[in-house]
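Peer 1: Fold the following.
(one chain, ligands or ions: 1)
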Amino acid sequence: MIAESARYARQIVLPEVGVNGQRLLRDSTALIIGVGGLGSVAAFYLAGAGVGRLLLSDRDRVDLSNLQRQIIYRQSDVGRDKAQAASQQLLALNPQIEVALRPGPLDSAALLAAVREADIVLDCSDNFPTRFAVNRACVAARKPLVSAAAIRFEGQLALFDSARGSACYHCLYPETGEAQENCEDAGVLGPVVGTIGSLQALVAMKALLGLGDDAGRLQLWDALRMRWRALSIPRDPECPVCRDELR
Ligand SMILES: [Zn+2]
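Peer 2: Numbers count the residues shown, from 1 in each chain. Sure, this is the predicted structure:
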């Protein structure tokens, strides 16, 4: 029996999950890169769902300006190490799971080691260098990657699973060295980033449970007009990251 199965009753009752699916979640490890607006929501839902082992990586401390959207933190956490403060909240929600910290910034070897420990990786970071590094590690370790971003009133997410032949993040966004916008300058509403973080947790759980077919499609959300679009992401045969892996 799953420990405390009453806790998971509302998802075990789903035929797509059941006791076997709950065991799959319990036996899974998810690596969450960045416990900010996306990561704090995604990690909360994965912890609630009983994903057995969460690895958290963040380099920041909680800032007062985070509390508007990074809802895992409390006023009293301001100034604390984010991954540590988040870990405490996740275990308060579900003491049945294990939470381990992989303090950032991770160099490429430490990142690859963390990715290898995981069954699924959630990129909840806010910058291109991290996103490219996480993608490279996921392709090298052949691990599925749920990538997401939110800014202003816009959100996007995609599941990249190059081991199964879908595009990788680099196929979609070649490294151009372009400066990128960030939420600090451009702004974002809390529910916009929270919605996308929730969907990251959903896509990750579906991938762990073998449900649906989210890989290789980019979901784009215009929250101001309340419109979604889905685009398929073609593999770039010349992509320097996944080309050699898939030969
Ligand atoms: Zn690629």
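Peer 1: Let me know the distance separating residue 164 from the ion.
Peer 2: 13 Å (Cβ to the ion, to the nearest Å). For the C-beta atoms, the positions are set from N, CA and C on the backbone; glycine is no exception.
Peer 1: Oh, that last question was meant for residue 176, not what I typed.
Peer 2: Distance from residue 176 to the ion, by Cβ to the ion: 15 Å.
Peer 1: State which helix of the protein is the longest.
Peer 2: helix 190-209 (DSSP state H).
Peer 1: Report the buried residues of it.
Peer 2: 192-209 (16 or more other Cβ atoms under 10 Å).
Peer 1: Checking my notes, residue 242 in a helix, right?
Peer 2: No. Assessed by DSSP: H, G, I helix; E, B strand; the rest coil, residue 242 does not belong to a helix; its assignment is coil.
Peer 1: ok, it touching residue 171?
Peer 2: Yes. In this structure residue 242 lies within contact range of residue 171 using Cβ atoms under 8 Å: 6.5 Å.
Peer 1: what residues are up against the one residue sitting closest to the centre of the chain?
Peer 2: Among the residues of the chain, the one closest to the centroid is residue 122, at 2.3 Å (Cα atoms, centre = their mean). With contact taken as Cβ atoms under 8 Å, 6 or more residues apart in numbering, residue 122 is in contact with 30-33, 38-39, 42, 145-146, 148, 200-201, 204.
Peer 1: switch the cut-off to 6 Å
Peer 2: By Cβ atoms under 6 Å, 6 or more residues apart in numbering, the contact set of residue 122 is 32, 42, 146, 200, 204.
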